[in-house]
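J.: predicted model follows, preceded by the sequence.
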Amino acid sequence: MRLRIVTHVEHPELQGAVPNVWPEFMNNDQLVSDFWPTLYEVYPDFQLWLLDGRKPIGYACTLPVVWNGEPNPRGLDWAVTDGQGGMPTTLCGVVATLVPQYRGAGIAPVVVARMTKLAAAHGLDSLIAPVRPTWKDRYPLTPIERYVEWRREDGFLYDPWLRVHERLGAELLAPAPESMTITGTREDWETWTSLQFPEDGDYVVPAALTTVRFADGVGTYVEPNVWMRHSLDAEY
Ligand SMILES: CC(C)(COP(=O)(O)OP(=O)(O)OC[C@H]1O[C@@H](n2cnc3c(N)ncnc32)[C@H](O)[C@@H]1OP(=O)(O)O)[C@@H](O)C(=O)NCCC(=O)NCCS
């Protein structure tokens with residue numbers, strides 16, 4: 001493999017070249033969807049495309065934010081709303097994604113290290129991220145506050161993606177229990193998931209990190225993420 005990381009400024013034609021790997025419901029956080037074009041239009045030098053030679057294999061997005069040092073419970077939704085406006089202080093990781101064939105090969109730490117370099121190059125004080133724990137969907141009934149405390153026998157965090165950040169020296173700040181909010185009618189959710197939701201109540205949905213709650217025919221999913229912070233003092 002010949003891993004290359006380029007910015008959107010350098011290769012704007014790569015937009016749309018990486019297959020969508022997200023479950024359909026994840027594309028329906030209204031705040032994030034409304035903001036998404038801004039990433040590429042206003043902050044193109046903060047968006048990364050990952051290539052194997054010339055083949056697109058993933059992407060990573062970051063966003064400068066104004067941060068007061070407090071991990072906001074609204075995580076990603078905070079970053080694209082209240083985190084905007086004014087002189088940015090900090091770089092916020094938004095997403096990092098590899099197509100499935102390239103996962104588990106140690107690419108992720110290289111990508112995160114590149115994000116921290118971006119932060120330093122733009123004079124920002126650190127890299128923070130509302131990290132989406134990749135194995136939390138296996139435990140949708142476990143509160144995020146408990147899940148972030150799970151560790152392996154070797155002492156490292158149980159969750160693989162949180163562990164990538166931890167190994168690179170990141171500090172786990174706090175859960176972001178309301179990082180994304182996705183709301184839809186029963187019909188919306190049935191289209192997004194190919195499941196049926198015959199009555200109100202809580203449902204386990206594949207790839208969701210917690211349950212989806214239906215009330216009066218409207219389903220609401222509030223996704224928990226985990227705030228982590230990389231200081232720029234570490235050697236990458
Ligand atoms: C998150 C993501 C970028 C991480 O990339 P990655 O290539 O899997 O990361 P790594 O290869 O560094 O693996 C990280 C750890 O998970 C382990 N791991 C990865 N895939 C695994 C698998 N299928 N089974 C068991 N362990 C696995 C690795 O062994 C490594 O563990 P270690 O800390 O003991 O060395 C990638 O999994 C991905 O694209 N996921 C889908 C999108 C997503 O959820 N992104 C994050 C939210 S934005």
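T.: Cool, the structure landed.
J.: grab the most central residue of the protein for me.
T.: residue 95 (3.8 Å; Cα atoms, centre = their mean).
J.: helix or strand: which one has that residue?
T.: Using DSSP states H and E, residue 95 maps to strand 90-98.
J.: what's the first helix or strand after that strand?
T.: Following strand 90-98 in sequence order, the next helix or strand is helix 107-121 (DSSP H and E).
J.: and the angle from the following helix or strand past that next one to strand 90-98?
T.: Using DSSP H and E, the helix or strand that follows helix 107-121 in sequence is strand 126-131. Relative orientation of strand 126-131 and strand 90-98, computed by axes from the mean of the first three to the mean of the last three Cα atoms, to 10 degrees: 50 degrees.
J.: re the thing from before, what sits against the residue nearest to the centre of the chain?
T.: Shown in contact with residue 95 (Cβ atoms under 8 Å, 6 or more residues apart in numbering): 59, 60, 61, 132. Where C-beta positions appear, they are placed from N, C-alpha and C, glycine not excepted.
J.: assign residue 222 to helix, strand or coil.
T.: What DSSP: H, G, I helix; E, B strand; the rest coil gives for residue 222 is strand.
J.: quick one: contacts for it?
T.: Taking Cβ under 8 Å, 6+ apart as the test, what residue 222 contacts is 177, 178, 180, 181, 182, 210.
J.: could you give the average pLDDT over stretch 102-111?
T.: When pLDDT is averaged along stretch 102-111, the result is 97.
J.: now do stretch 31-45
T.: Averaged over stretch 31-45, pLDDT sits at 98.
J.: how about that stretch and the ligand, touching?
T.: No: using Cβ under 6 Å from any ligand atom, we find that stretch 31-45 stays clear of the ligand, coming within 11.5 Å at best.
J.: ok, and what's touching that stretch?
T.: Against stretch 31-45 from outside (Cβ under 8 Å, 6+ apart): 7-9, 12, 15, 27, 46-47, 61-64, 76-77, 80-81, 94, 118, 180-181.
J.: now, those that are in helices?
T.: Per DSSP state H, helices hold the following members of those: 76, 77, 118.
J.: top of those by neighbour count?
T.: Counting neighbours by other Cβ atoms under 10 Å, residue 76 leads these with 29 neighbours.
J.: now do the same for that residue: its pLDDT.
T.: 98.
J.: what residues does this protein have near the ligand?
T.: Selection of the chain residues close to the ligand by Cβ under 6 Å from any ligand atom yields 21, 95-98, 103-109, 132, 134, 160-161, 163-164.
J.: could you turn the buried ones of those residues into a PyMOL selection?
T.: In PyMOL, a selection of the buried entries from those looks like this (16 or more other Cβ atoms under 10 Å):
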select buried, resi 95+96+97+98+103+107+108+132+134+161+163+164
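J.: about what we covered before: in its sheet, what does the strand holding residue 95 sit against?
T.: strand 55-65 (antiparallel), strand 126-131 (parallel) (DSSP bridges).
J.: need the contacts of residue 222 in a markdown table (columns: neighbour count).
T.: Converted to a markdown table, the contacts of residue 222 look like this (neighbours: other Cβ atoms under 10 Å):
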| residue | neighbour count |
| --- | --- |
| 177 | 17 |
| 178 | 17 |
| 180 | 24 |
| 181 | 17 |
| 182 | 22 |
| 210 | 22 |
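J.: out of these, name the two that are farthest from one another.
T.: The largest separation in those, counting by Cβ to Cβ, is between 177 and 182 at 14.3 Å.
J.: ok so, going back, out of the contacts of residue 95, which comes closest to the ligand?
T.: Relative to the ligand, the closest of the contacts of residue 95 is residue 132; by Cβ to the nearest ligand atom it sits at 3.5 Å.
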